[in-house]
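Participant: next comes the sequence, and after it the predicted model I'd like to discuss.
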Amino acid sequence: MTRKLLPLLCILIALPAAASDYSLNISTPFTVYDPGAPARITAYVTGCCRVNDPTQATVTIPLPPGSTDISAPGQFGGWACSVDGTTVTCTTFLGATSPYPGIVVGFNVPASADGTGFHGQAKLTTAVADDVPANNVADVSIAAYRIMQVTTADDFGAGSLRDTLAAANAQCDTLACKVTFAGPMTIEPASPLPAITACGLVIDGGIKPGTSLDVPRPVEISGTKAGFANGLEIRSYCDVTLRGITVNGFAANGVVLAEPKAPSPRGQGRLTVEECFIGTNTTATEARPNGMRGIAVETANTDAAILNCTISGNRFSGVAVWASQSVRISTCRIGAGRETKPLGNGASGVYIDGGVVDVGGGGAVAYNHDFGVGVGPHAGNAHVQMQYVFANGAQDFDWGLDGPTHLDPSGRMPPSPVLLAAVYDLARNLTTVYGVIPRPENPPITRFLQVLILDKTGSGYQHRADMFAATQIPGDIPFAINVSGDMRGHTLFAQTDSYFYIDYSPFDTSELSEPLEVH
């Protein structure tokens, strides 16, 4: 018996011991800070050790020279921390199992920072030998904006918006910059402002992201004296953000988002318009139209995000997308003003005639003269969440600008469902909605369709239930969808979203079905 076990015992003895391998990771919630602003670094140690081989560990974290109010509380997660100048040193005992507690270091970025960046390396040392020392270091990177302040509402001269934008274009490429304003002001350019070609620029009217749309935007750029001009043209090849500004009264578009006229040396970044009022006064209670569109997206490689804005009162569409790589519109009032006051836009709320556009996530697309969202002949993909689209002059959502369509001859729109009947089951307290998805003769390459049942309300469409159907099924696709509760007396609609795969995001949305009154 002993002789039979000896080879096995030898094999076990020959096996290598488990390695000790600890890794240090550093994260910061922001990549660029204002000079003097509070900042935070979190350090994590991961990995583990040989069995019965825990260790004392030390993490050293350098901070930018001139940092102030440095704090690293020793009681946090068992780490004991000390501060020497701008270096934080923390120690603890790493047991035999992870995860281990993190280290949170708070500090203020140096007030003297003027677009400067800091790059250092945090280090982890352990009492036992670490078999992979290369991952015991981690980069610490903190950057600060160069602040360029508009100090006067005058159109020319030092401190004017015109002069500040020209300086940003000249200085802000590898350097991150932020344009701020000395206080509330109305700026009335006497001619077109320079196009914004800077890189990594934030134009900040002093409104924080996520601020209620009922809060005034007191920095106003009015185009009533500018002649035929766009308000702000952002023609940049990398990230630019316009935040918290009111733009109105321009004879052309309020805001233009586009590529630079020269070829891009590094690809296209994201152009963001957030927290802005476009086409209204500073309180979003009155229309002050831009003569064409509120926001125009004009070039094929433009990646844009339009977030938490009021875009109302403009002569034509609120947002017009002529070409794009991708445009996301979320939590915006388009056609509505403060407290959902009807201000409208003179054409559609959103007009899509190029690229890929996603409309949804809250807000209201309402009171527009034509369509809530209209999809023109050159559009790529259009996905619309209908919960917040209502009370528009033509259809709330229309492909082809031709009225109700079940099957789009071009094959771009998913087939719109047909609702046939709805039956309420008292015993189960369910309303079963019956319908069919008509099958186009030459269906597009879509893997799945999601049928949505929507309940018409006074301020949009409430999502009640849905189901998935595979488009590989030949012929029309019948469906029966159970909706919780008694829908008698309600007006129901249906809509389809198309997917390549169920765990992907939908890429197109159909028009609504005809209404079904449930009795």
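Facilitator: In hand now; what should we look at? Residues are numbered from 1 along each chain as shown.
Participant: tell me which residues of stretch 408-428 come out buried.
Facilitator: Asp408, Arg412, Met413, Pro414, Pro415, Ser416, Pro417, Val418, Leu419, Ala422, Tyr424 (16 or more other C-beta atoms under 10 Å). Glycine gets a C-beta too; all of them are placed from N, C-alpha and C.
Participant: likewise stretch 496-509?
Facilitator: So, applying 16+ other C-beta under 10 Å, buried residues of stretch 496-509: Thr496, Asp497, Ser498, Tyr499, Pro506, Phe507, Asp508, Thr509.
Participant: would you say the second one is within a helix?
Facilitator: In other words, Asp497. No. Read with DSSP: H, G, I helix; E, B strand; the rest coil, Asp497 is strand and lies in no helix.
Participant: same for the helix or strand hosting Thr89, what does it pack against?
Facilitator: Following DSSP states H and E, one finds Thr89 within strand 87-94. Where contact means 3 or more C-beta pairs under 8 Å, 6 or more residues apart in numbering; DSSP states H and E, strand 87-94 is packed against strand 55-62, strand 80-84, strand 103-108.
Participant: what angle do that strand and strand 55-62 make?
Facilitator: 160 degrees (axes from the mean of the first three to the mean of the last three C-alpha atoms, to 10 degrees).
Participant: for strand 87-94, which strands pair with it and how are they oriented?
Facilitator: If you go by DSSP bridges, strand 87-94 pairs up with strand 55-62 (antiparallel), strand 80-84 (antiparallel).
Participant: which stretches in the stretch 51-200 of the chain count as helices?
Facilitator: 161-171 (DSSP state H, counting those that start in this stretch).
Participant: so where is it shaky, pLDDT-wise?
Facilitator: 51-52, 74-77 (pLDDT under 70).
Participant: hmm, 90 instead?
Facilitator: 51-55, 72-78, 93-101, 113-117, 128-131, 173-175 (pLDDT under 90).
Participant: buried residues, stretch 96-108. List them.
Facilitator: Buried residues in stretch 96-108 (16+ other C-beta under 10 Å): Tyr100, Ile103, Val104, Val105, Phe107, Asn108.
Participant: I figured the fifth one was touching Pro62, is that so?
Facilitator: No. Contact between Phe107 and Pro62 fails when scored by C-beta atoms under 8 Å: they sit 11.2 Å apart.
Participant: tell me which residues touch the most centrally placed residue in the chain, please.
Facilitator: Centroid-nearest residue in the chain: Ala305, 6.0 Å away (criterion: C-alpha atoms, centre = their mean). By C-beta atoms under 8 Å, 6 or more residues apart in numbering, the contact set of Ala305 is Arg270, Leu271, Thr272, Val273, Glu274, Val327, Arg328, Ser330.
Participant: let's see stretch 38-55 as CSV, backbone CA atoms only.
Facilitator: The C-alpha trace of stretch 38-55 is given here as CSV (Å, rounded to 0.1, in the frame of the first residue of the first chain):
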residue,chain,number,x,y,z
PRO,A,38,-11.5,69.2,-4.2
ALA,A,39,-10.2,66.0,-5.7
ARG,A,40,-10.1,62.3,-4.6
ILE,A,41,-7.9,59.3,-5.3
THR,A,42,-8.9,55.7,-4.4
ALA,A,43,-6.2,53.0,-4.2
TYR,A,44,-7.1,49.3,-4.3
VAL,A,45,-4.9,46.3,-3.6
THR,A,46,-6.0,43.1,-5.2
GLY,A,47,-4.5,39.6,-5.5
CYS,A,48,-3.4,37.2,-2.8
CYS,A,49,-0.7,35.2,-1.4
ARG,A,50,0.7,31.8,-0.7
VAL,A,51,-1.3,29.8,1.7
ASN,A,52,-0.6,30.9,5.3
ASP,A,53,1.7,33.7,4.0
PRO,A,54,-0.1,37.0,4.7
THR,A,55,2.0,40.2,4.9
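Participant: about what we covered before: of the buried residues of stretch 408-428, which belong to strands?
Facilitator: Among the buried residues of stretch 408-428, DSSP state E puts Val418, Leu419, Ala422, Tyr424 in strands.
Participant: now tabulate those in a markdown table and tack on distance to Val255 and pLDDT.
Facilitator: Listed next are these as a markdown table, based on distance: C-beta to C-beta, whole Å; pLDDT from 0 to 100:
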| residue | distance to Val255 | pLDDT |
| --- | --- | --- |
| Val418 | 40 | 97 |
| Leu419 | 40 | 97 |
| Ala422 | 44 | 97 |
| Tyr424 | 49 | 97 |
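Participant: for the residues you listed, which one is nearest Gly206?
Facilitator: Among those, Leu419 lies closest to Gly206 (C-beta to C-beta), at 48.7 Å.
Participant: excluding residues flanking it in the chain, which one is nearest that closest one?
Facilitator: Distance criterion C-beta to C-beta, 6 or more residues apart in numbering; nearest residue to Leu419, sequence neighbours excluded, is Leu516 at 4.0 Å.
Participant: need phi/psi at that neighbour.
Facilitator: Phi and psi for Leu516, reported as degrees, to the nearest 10, are phi -120, psi 120.
Participant: nearest to Ala195 among the buried residues of stretch 496-509?
Facilitator: Comparing the buried residues of stretch 496-509 against Ala195 with C-beta to C-beta places Phe507 closest, at 31.8 Å.
Participant: still on that earlier bit, mind listing the residues bridging to the residue nearest to Leu419?
Facilitator: Beta-bridge partners for Leu516, by DSSP bridges, are Leu492.
Participant: surely it meets Ala422?
Facilitator: Yes. In this structure, Leu516 is within contact of Ala422 by C-beta under 8 Å, at 6.1 Å.
Participant: intersection of neighbour lists for these two?
Facilitator: In contact with both Leu516 and Ala422: Val433, Leu492, using C-beta under 8 Å, 6+ apart.
Participant: related to what we said a few turns ago, make TSV out of the strands paired with strand 87-94 and add mean neighbour count and distance to Gly380.
Facilitator: TSV is the format used below for these (neighbours: other C-beta atoms under 10 Å; distance: least, C-beta to C-beta, whole Å):
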stretch	mean neighbour count	distance to Gly380
strand 55-62	19	47
strand 80-84	14	53
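Participant: out of those strands, nearest to Pro404?
Facilitator: Once those are compared by C-beta to C-beta, strand 55-62 is nearest, at 62.0 Å.
Participant: can you list contacts of that closest one?
Facilitator: The contact list for strand 55-62, computed with C-beta under 8 Å, 6+ apart, reads 20, 22, 24, 26, 41, 43, 45, 49, 79, 86-94, 103, 105, 120-128, 140.
Participant: make a PyMOL selection of the buried ones in those residues.
Facilitator: Selecting only the buried entries of these in PyMOL, with 16+ other C-beta under 10 Å as the criterion:
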select buried, resi 20+22+24+26+41+43+45+49+79+86+88+89+90+91+92+94+103+105+120+122+123+124+125+126+140
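Participant: now do Tyr388 against Ser330, distance only.
Facilitator: 10 Å (C-beta to C-beta, to the nearest Å).
Participant: the two: which is more packed in?
Facilitator: Legend: neighbour count by other C-beta atoms under 10 Å for Tyr388 and Ser330, higher for Tyr388 (24 against 17).
Participant: so who does that one touch?
Facilitator: Tyr388 is in contact with Gly360, Gly362, Gly363, Ala364, Val365, Ala366, Ser459, Gly460, counting by C-beta under 8 Å, 6+ apart.
Participant: among those, find the lowest-pLDDT one for me.
Facilitator: On pLDDT alone, Ser459 ranks lowest of those, at 79.
Participant: which residue packs closest to it, ignoring adjacent ones?
Facilitator: Phe390 (5.9 Å).
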